[in-house]
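okay, sequence plus prediction incoming.
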Amino acid sequence: MPVISYIQAVTQALQEEMERDEKVFVLGEDVGVRGGVFRATEGLYEKFGESRVIDTPLAESAIAGVGIGAAMYGMRPVAEMQFADFIMPAVNQIISEAAKTRYRSNNDWTCPVTIRAPYGGGVHGALYHSQSVEAVFANQPGLKIVMPSTPYDVKGLLKAAIRDEDPVLFFEHKRAYRLIKGNVPEADYTIPIGEADVKREGADITVITYGLCVDFALQAAEKLATDGIDAHILDLRTIYPLDQQAIIEAASKTGKVLLLTEDNKEGSIIGEVAAIISENCLFDLDAPIKRLAGPDVPSMPYAPTMEKEFMMNPEKVEHAMRELAEF
Amino acid sequence: MAIEKIHMPQLGESVTEGTISTWLVNEGDYVNKYDPIAEVTTDKVNAEVPSSFSGTIKELLAGEGETIAVGDLMCHIEVADRQSNVETVDHSEVLSTNTPSSNQEQSLKMRYSPAVLRLAQEHNLDLQLITGSGRGGRITRKDVEKVIREDTLVKEKQEHRATEKNTEKVLEHDATQEPVDDKPIPPMNPGITTANGDKEIPVTGIRKTIAQNMVRSTTEIPHAWMMIEVDVTNLVKYRNAEKDSFKENEGYNLSFYAFFLNAVAKALKKYPQLNSSWKGDKIVQRKEINLSIAVARDEELFVPVIKNVDEKSIKGISKEIDTLAKKARNGNLTPQDMQGGTFTVNNTGSFGSVQSMGVINYPQAAILQVESIVKRPVIIQDMFAARDMVNLCLSLDHRVLDGVICGHFMSHIKEILENISPETTPIY
């Protein structure tokens, strides 16, 4: 199996889906001739032409709206927000239209659009290029939100998102694009949306997280293993709706749970994970459910020292995991 | 003179590593601050890396064509005086030097998590005796799980030894534990001290089973009670008239107990609500009327079962009572004799009790205590009469049953018993 990067897995999934189904097309800012600002759509314009790889104006509401309309008409659009931070003008389209189409039309209409967006910090992107926006959408039934952590999951889940009959938000961590590499089969495969994945089996503490933090947790777990601390790591993969069964199983396994996110702590998706655990696992809990998250300040700062303070990293994760293991 | 480090800079968003394509300086070269020292290619850009200091290049740490991560060391540079570089301060030390709590501290020893308390209760462990490995001496779930694991090992070994040595006879009533095994048993009570002369009797076998059953019943079942008074003068006359010839013909006693069991079976047929079990999300109403009867032996209590009492005559019931009582006295009761009871009738009157509050025989829904039959003055039509009176005491599972239905049930028994005659209740 070839080793490819996280962003190569995105490109591969897009290309294979476009080859498989001619209804699949890509639209977004600079996705065509330039191949995307991160090179996620590199080569697609040359291969599939301007009618299937569409450069759009700088108008996110229109990108989402065109995608939604095309999806309702039977196409399989993959709309790209250049940065997740820029998704805000499209929120009305996504929440009021995409999420509600099936429900509002009593199943007469569906909206199989996939909206991709790079999120997250740690790349000196500052205020408008570092945000985590998932919590904005994570209480909108009708939407699915996928946030993969490995190239393997990226490819399988992006294909599943494109083939899904309902709207899927697909958030890719921009720092993971070239940082995370892994084995990805060349063959066609999908991973079911809505299923969490145990990334490491362990018996002492449970870490539940998603996105880039999975890698940080795995790094920290390897260090802790040399001190005899054995961490169990669950990757949510789909953060809305949550895989409740997997969360309950993982939390019950050790009774000591650390929840990680790069998002601002209050109101983040891990608060919901904590609620699921406290509703279901009281008599298995051996410690308070702990959360390690970004501070409650408006955005990722630009100054490197400040960004480091805000951003999650393996050292902070290791420290929190050790604290919990020692409790 | 001081040695400073030059690291691979961040060359754009999402870039995490760079490849050094060409070094623009050699070791020993003098460079000014911001002079380019190397060309670097990344996925996104080709860029020149500027020197962060003015000084002499000492050592190139990465070769041309080598790919290194952002933040990794590229080269050392010797600078004239101490130029401070804030970014080289290593913050990670602050995090890693968190002080582990001292082992002596025991302030959290008595703070128990829900998991620890649950495991301790399920396995009957005294938490005072467990050493905590958590912060402040806290007992962790893993500590308890370890004790349980070791405990099971010890027990298994002991049992293994016991069966090897003692192959002749294993106490039969151990088998009767089957419906209640591994259920919570009363926890050890370390608060009870023994004084000189006190005798300590180990709790084993049937005593342990009884204790488990009673704790389970009284902790799980919300008990309610009810008592009625029944005039059994007719029954006493009838039975006394028949008992000698019965004994002569059948070889065993015609007991009052049989008549009460008969009446209870009839009443259960009419009010099957009492012949049931609480099953959490549903109530199981039993079809068969199998009555558990209490039989004592020395310091032990057995509750064997008479099956399908509603299909049996007074004689049939008497015979089974006799058989089961004999078996109990000789220690020959089998697990089959004890199983399948749906309602219990307890003959408390046999040892003189006139009123009692029975503990329900788990998982049944009620138990009836038949008290002593005593002669008492009773007013009938404004005149005193000497009548044979008996108290019947019912304990009921209030989750399954309410006062109204039990009232009907008890009244019906009363009616049956007060109207007993050779016509209504033939012995054969």
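Structure received.

phi and psi next, for whichever residue of the stretch 251-400 of chain B sits closest to chain A.
Residue nearest to chain A within the stretch 251-400 of chain B (CB to the nearest CB): residue B:280, separated by 16.6 Å. (Each C-beta comes from the backbone N, C-alpha and C, glycine too.) For residue B:280, the backbone dihedrals (degrees, to the nearest 10) come out as phi 80, psi -80.

can you check the pLDDT for it?
Looking at residue B:280, its pLDDT stands at 84.

same question for residue B:174.
41.

care to break chain B down by domain?
B:2-83, B:222-418 (automatic domain parsing).

oops, could you answer that again for chain A instead?
Split by automatic domain parsing, chain A gives A:3-183, A:197-326.

how about the ones you listed in a markdown table, adding distance to chain B, mean neighbour count and mean pLDDT?
Below are these laid out as a markdown table (distance: least, CB to the nearest CB, whole Å; neighbours: other CB atoms under 10 Å in any protein chain shown; pLDDT from 0 to 100):
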| stretch | distance to chain B | mean neighbour count | mean pLDDT |
| --- | --- | --- | --- |
| domain A:3-183 | 4 | 21 | 97 |
| domain A:197-326 | 4 | 20 | 96 |
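
hmm, back to that, of the domains of chain B, which is nearest residue B:214?
Residue B:214 lies closest to domain B:222-418 among the domains of chain B, at 5.5 Å (CB to CB).

the closest one spans what distance, first to last residue?
Across its full length, domain B:222-418 reaches 31 Å between end residues, using CA to CA, to the nearest Å.

same question, stretch A:99-118
First-to-last residue span, stretch A:99-118, CA to CA: 20 Å.

for stretch B:57-75, same thing?
First residue to last in stretch B:57-75 (CA to CA) measures 7 Å.

what sits up against it?
B:3, B:5-11, B:15-23, B:25-31, B:37-38, B:49, B:76-78 (CB atoms under 8 Å, 6 or more residues apart in numbering or on different chains).

please spell out the ChimeraX selection for the buried subset of these.
Those of the contacts of stretch B:57-75 that count as buried under 16 or more other CB atoms under 10 Å in any protein chain shown are selected in ChimeraX with:
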select /B:6,7,8,9,10,11,15,16,17,18,19,20,23,25,31,37,38,49,76,77,78
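
which ones among the contacts of stretch B:57-75 also lie next to chain A?
Residues of these in contact with chain A (CB under 8 Å from any CB of the partner chain): B:10, B:15, B:16, B:17.

which of those lies closest to chain A?
Nearest to chain A among these, with distances taken as CB to the nearest CB, is residue B:16, at 4.1 Å.

does the closest one really touch residue A:179, like I thought?
Yes - counting by CB atoms under 8 Å, residue A:179 is a contact partner of residue B:16 at 4.1 Å.

narrow the ones next to chain A among the contacts of stretch B:57-75 to those in strands?
residue B:17 (DSSP state E).

pLDDT at residue B:40, what is it?
At residue B:40, pLDDT is 86.

skipping adjacent residues, who's closest to it in space?
residue B:18 (4.2 Å; CB to CB, 6 or more residues apart in numbering or on different chains).

list the contacts for that neighbour?
B:8, B:11, B:40, B:41, B:42, B:67, B:68, B:70.

how about the secondary structure of residue 110?
This is for chain A. Using DSSP: H, G, I helix; E, B strand; the rest coil, the structure places residue A:110 in coil.

wrong one, chain B
coil.

tell me the spacing between it and residue B:141.
For residue B:110, the distance to residue B:141 (CB to CB, to the nearest Å) stands at 16 Å.

who has more neighbours, the two?
Per other CB atoms under 10 Å in any protein chain shown, whichever of residue B:110 and residue B:141 has more neighbours is residue B:141, with 22 against 13.

isn't the more buried one up against residue B:117?
No - between residue B:141 and residue B:117 there is no contact under CB under 8 Å: 10.2 Å.

residue B:224: neighbour count?
Using other CB under 10 Å, residue B:224 has 17 other residues around it.

list the strands paired with the strand or helix carrying it, with their directions.
Following DSSP states H and E, one finds residue B:224 within strand B:223-231. Using DSSP bridges, strand B:223-231 pairs in its sheet with strand B:383-397 (antiparallel).

which of the residues in the strand it pairs with are buried?
Buried, per 16+ other CB under 10 Å, within strand B:383-397: B:387, B:388, B:389, B:390, B:391, B:392, B:393, B:394, B:395, B:396, B:397.

farthest pair in the residues you listed?
Largest separation among the buried residues of strand B:383-397 by CB to CB: B:387 and B:397, giving 32.4 Å.

tell me where the stretch 251-400 of chain B has strands.
B:276-278, B:283-285, B:291-293, B:295-297, B:300-302, B:305-306, B:343-346, B:366-380, B:383-397 (DSSP state E, counting those that start in this stretch).

the third one - contacts with which helices or strands?
Helices and strands in packing contact with strand B:291-293 are listed as helix B:256-270, strand B:305-306, strand B:343-346; criterion 3 or more CB pairs under 8 Å, 6 or more residues apart in numbering or on different chains; DSSP states H and E.

wait, what's in contact with residue A:205?
A:229, A:230, A:231, A:232, A:254, A:256, A:257, A:258, A:321, A:324, A:325.

need the contact list for the closest residue to the second one other than its chain neighbours.
Leaving out its chain neighbours, the residue that sits closest to residue A:230 by CB to CB, 6+ apart is residue A:202, at 4.1 Å. Listed by CB under 8 Å, 6+ apart, the contact partners of residue A:202 are A:221, A:230, A:231, A:232, A:233, A:254.

next step: these restricted to helices.
Assigned to helices by DSSP state H, the following of the contacts of residue A:202 qualify: A:221, A:254.

closest to residue A:287 out of the contacts of residue A:202?
residue A:254 (9.1 Å).

find the helix or strand that the closest residue to the closest one other than its chain neighbours is a member of.
In this structure, residue A:254 finds its nearest non-sequential neighbour in residue A:206, 4.6 Å apart by CB to CB, 6+ apart. If you go by DSSP H and E, residue A:206 is part of strand A:205-209.

each with direction, which strands does that strand pair with?
In the sheet containing strand A:205-209, its partner strands are strand A:231-235 (parallel), strand A:257-264 (parallel), by DSSP bridges.

closest to residue A:295 out of those strands?
That would be strand A:257-264 among these, by CB to CB, at 6.9 Å.

ok, then the element right after that closest one?
Tracing the chain C-terminally past strand A:257-264 and defining elements by DSSP H and E, one meets helix A:269-280 next.

got a list of contacts for that following helix?
Contacts of helix A:269-280 (CB under 8 Å, 6+ apart): A:134-135, A:138, A:208-210, A:236, A:239-240, A:242, A:244, A:247-248, A:251, A:257, A:259-261, A:263, A:285, A:289, A:291, A:293.

touching, residue B:274 and residue B:264? I think so.
No - Residue B:274 is beyond contact range of residue B:264, at 9.1 Å (criterion: CB under 8 Å).

and the helices in the chain?
Picking chain A for this. Counting by DSSP H, the segments of chain A that form helices are A:6-20, A:44-48, A:60-72, A:91, A:101-104, A:134-137, A:151-163, A:176-179, A:212-225, A:244-254, A:269-280, A:304-310, A:314-326.

right idea, wrong chain: chain B
Taking DSSP H as the test, the helices found in chain B are B:92-96, B:114-122, B:141-165, B:205-220, B:233-250, B:256-270, B:314-330, B:335-338, B:403-418.

most tightly packed of those?
Each of those was scored by mean neighbour count; the highest is helix B:256-270, a mean of 22, by mean count of other CB atoms under 10 Å in any protein chain shown.

may I have that one exported as PDB, CA atoms only?
Output of helix B:256-270 as PDB, limited to C-alpha atoms (Å, rounded to 0.1, in the frame of the first residue of the first chain):
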ATOM      1  CA  PHE B 256     -54.300 -27.400  58.900                       C
ATOM      2  CA  TYR B 257     -51.600 -26.300  56.600                       C
ATOM      3  CA  ALA B 258     -53.100 -28.300  53.700                       C
ATOM      4  CA  PHE B 259     -56.400 -26.500  54.100                       C
ATOM      5  CA  PHE B 260     -54.700 -23.100  54.100                       C
ATOM      6  CA  LEU B 261     -52.700 -24.000  51.000                       C
ATOM      7  CA  ASN B 262     -55.800 -25.100  49.300                       C
ATOM      8  CA  ALA B 263     -57.600 -21.800  50.100                       C
ATOM      9  CA  VAL B 264     -54.600 -19.800  48.900                       C
ATOM     10  CA  ALA B 265     -54.500 -21.700  45.600                       C
ATOM     11  CA  LYS B 266     -58.100 -21.000  45.000                       C
ATOM     12  CA  ALA B 267     -57.700 -17.400  45.800                       C
ATOM     13  CA  LEU B 268     -54.700 -17.100  43.600                       C
ATOM     14  CA  LYS B 269     -56.700 -18.600  40.800                       C
ATOM     15  CA  LYS B 270     -59.200 -15.800  41.200                       C
END
